[in-house]
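Chemist: Take this sequence and fold it.
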Amino acid sequence: MNAPAKTEEFAVKIPDGVYAETVLDVEHYTDRLFRFRMTRPAGFRFRSGEFAMIGLMVGDKPVYRAYSVASPAWDEELEFFSIKVPDGPLTSHLQKIKPGDIVLMRKKPTGTLVLDALTPGKRLYMFSTGTGIAPFASLIRDPETYEKFDEVILTHTCREVAELKYGFDLVEEIRNHEFLAEIVGGKLKHYPTVTREEFPTRGRITDLITSGKLFTDLGVPPLDPQTDRGMICGSSDMLKDTKALLEKAGLTEGANSKPAEFVIERAFVG
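Modeler: Residues are numbered from 1 along each chain as shown. Down below sits the predicted model:
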């Protein structure tokens, strides 16, 4: 008589020191972008705007990549917004996940795109390209953001109109949320732009800052270190160019250890 097989022999070996969470929902926006939600570990704490290391077992080894947590700190679930890279060590597999699958997450979140890294101000700009909107998806759904700033301006630049949908969905969610709608009120302004298709606001965000069109469209004055604060997340070129424009306007880069007028997330590009 054969001995019964041990259940654990059929289970995926989960590495020590990481959470193994269950995928709850997946939404594909384009052939390059998708969003997923998963369970949140009871002991996982983070500040809105931080990122975590997300992974999958590929073969017998875990593969991880830095992902901003797109859900706010109060949410009972965790949300992430991802690109799809056909040959990517992680995303080539991650884009195939479905509800019920297991995703790995290291236990310590970190990051510079947090409110604590900024000095007090009146107006907060969130400059994003592509999946760089993810940390701001967390922050624009956090009531603390609106306690600290009178105006919150989310800019989101993509190549094609279809890639803006995640941002539009976020703003719509907030407008219809049972308690966020009242807290946010008219404080949030959404400024989407496109670089490769016709759209009411077209062009790179850096060109729109330089020309002044961004400020004219929004009905606000040019950048001023006395009132304006900034957060930047996107491609490496966008980070460099936007940083230069903010510094030209007199804003100083800050960090968790030394808050100032703007911060950049350099852990990844999206």
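Chemist: Let me see the contact set for Arg45.
Modeler: Arg45 makes contact with 73, 109 under the criterion C-beta atoms under 8 Å, 6 or more residues apart in numbering. (Each C-beta comes from the backbone N, C-alpha and C, glycine too.)
Chemist: Tell me the pLDDT of it.
Modeler: We have a pLDDT of 97 for Arg45.
Chemist: tell me the contacts of the nearest residue in space to Arg123 that is not next to it in sequence?
Modeler: Leaving aside its sequence neighbours, Arg123 sits nearest to Glu151 (C-beta to C-beta, 6 or more residues apart in numbering; 4.3 Å). Shown in contact with Glu151 (C-beta under 8 Å, 6+ apart): 122-124, 187, 189, 220.
Chemist: Report the buried members of those residues.
Modeler: 123-124, 187, 189, 220 (16 or more other C-beta atoms under 10 Å).
Chemist: Ala260 touches Gly250, doesn't it?
Modeler: No - with contact defined as C-beta atoms under 8 Å, Ala260 does not reach Gly250; the gap is 11.3 Å.
Chemist: Run through this structure and note the low-pLDDT ranges.
Modeler: 1-12, 268-270 (pLDDT under 70).
Chemist: Kindly list the longest helix within it.
Modeler: Longest helix in the chain, counting residues (DSSP state H): helix 236-248.
Chemist: Can you name the next helix or strand after it?
Modeler: Per DSSP states H and E, the first helix or strand lying C-terminal to helix 236-248 is strand 262-264.
Chemist: and Ser255, how far is that from Tyr64?
Modeler: To be clear, residue 255 is Ala; Ser isn't right here. Separation of Ala255 from Tyr64 (C-beta to C-beta, to the nearest Å): 24 Å.
Chemist: more neighbours, the two?
Modeler: Tyr64 (17 against 13; other C-beta atoms under 10 Å).
Chemist: what helix or strand is the residue nearest to the more buried one when sequence neighbours are not counted on?
Modeler: Leaving aside its sequence neighbours, Tyr64 sits nearest to Gly55 (C-beta to C-beta, 6+ apart; 3.7 Å). Element membership for Gly55, per DSSP H and E: strand 51-58.
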